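got a sequence here, can you build the structure:
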Amino acid sequence: MSRTRLVGMPDMWTTIAAERGALAQDLGGLSEHEWNARSGCDGWTVEDVLAHMTSSASLTAPTFLLDFAASGFSFPRFSEKGIARQRGRTPEETLARFRAVQHSTKSPPGPKTTWLGETIVHADDIRRPLGIHHTYPTDAVQQVLDFYKGSNTLIGAKSRIAGLTLKATNTDWTHGSGPVVEGPILSLLVASTGRSAALGDLRGDGVATLRERST
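Alright, predicted model coming up:
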């Protein structure tokens, strides 16, 4: 069973701001090579992901709807336009723009937990390929995973983990039935979103199935 202390509003925005600040701190002084490194998001560099996070933190419901319509209701096109808008002339400028939205509570329409999830998962998309370690708040990670496990919208986590038992090894959290996938709760979260980079942290008879569903 899973036991979650909900990170509610305004605590959720406090957590998001703290995680944004910690990420900005970790990215100060990156080399050009590191900024151009492949991230956990397919086709995006580290700098691209950071610009995407800035874009998401700059949107309100009306601006999202207008921009989405102007992008032909294509999420990939919409996302690429947001990245282009928030990338600076240099990586340092891109980072400065991200720092400027640290305390923003703007967001596109949708469940607020998704923006906590975006902050955590995209931060891992950036840190993991760079080998930067960070300890994320377990309650926040668990809340996001509890939300994603029941949703197929955009990310498809519900279908990806169907028929599997997910079991965290660093906190009291389990979900599902079937072949076991166990490991750190952050890695379970990241793998449930289709990021194959986290699969190396996991073990159990269900990992092969999760790997197939992540390709």
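
could you chop this protein up by domain?
11-130, 149-213 (automatic domain parsing).

let's have those in TSV, adding mean pLDDT, distance to residue 143 and mean neighbour count.
Heads up, the C-betas are built off the backbone N, CA and C, glycines and all. Putting the domains of the chain into TSV (pLDDT from 0 to 100; distance: least, Cβ to Cβ, whole Å; neighbours: other Cβ atoms under 10 Å) gives the following:
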stretch	mean pLDDT	distance to residue 143	mean neighbour count
domain 11-130	95	6	17
domain 149-213	96	10	18
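
nearest to residue 140, of those domains?
Nearest of these to residue 140, taken as Cβ to Cβ: domain 11-130 at 5.2 Å.

nearest to residue 142, out of the domains of the chain?
Here domain 149-213 is closest among the domains of the chain (Cβ to Cβ), at 5.7 Å.

return the distance of that closest one from the chain's centre.
Domain 149-213 sits 15 Å away from the centroid of its parent chain (Cα atoms, centre = their mean, to the nearest Å).

offset the numbering so it begins at 3, please.
OK, 3 is where the count begins now, so the last one is domain 151-215.

my read: residue 209 touches residue 201, true?
Yes. Counting by Cβ atoms under 8 Å, residue 209 does reach residue 201; the two are 6.2 Å apart.

so what touches stretch 105-115?
For stretch 105-115, the external contacting residues (Cβ atoms under 8 Å, 6 or more residues apart in numbering) are 11, 14-15, 19, 58-63, 66-67, 117, 145-146, 149.

with stretch 145-157 instead?
Contacts for stretch 145-157 (Cβ under 8 Å, 6+ apart): 4, 6, 8-9, 77, 113, 115-116, 118-119, 122-123, 159-161, 163, 168, 175, 177-178, 187, 190-191, 194-196.

follow-up on the earlier one: need the domains of the chain in a markdown table with distance to residue 140, can you?
Shown next, in a markdown table, are the domains of the chain (distance: least, Cβ to Cβ, whole Å):
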| stretch | distance to residue 140 |
| --- | --- |
| domain 13-132 | 11 |
| domain 151-215 | 5 |
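
if we can go back for a sec, report the two of the contacts of stretch 105-115 separated the most.
Taking Cβ to Cβ, no two of the contacts of stretch 105-115 sit farther apart than 67 and 145, at 26.7 Å.

right, I'll leave it there.
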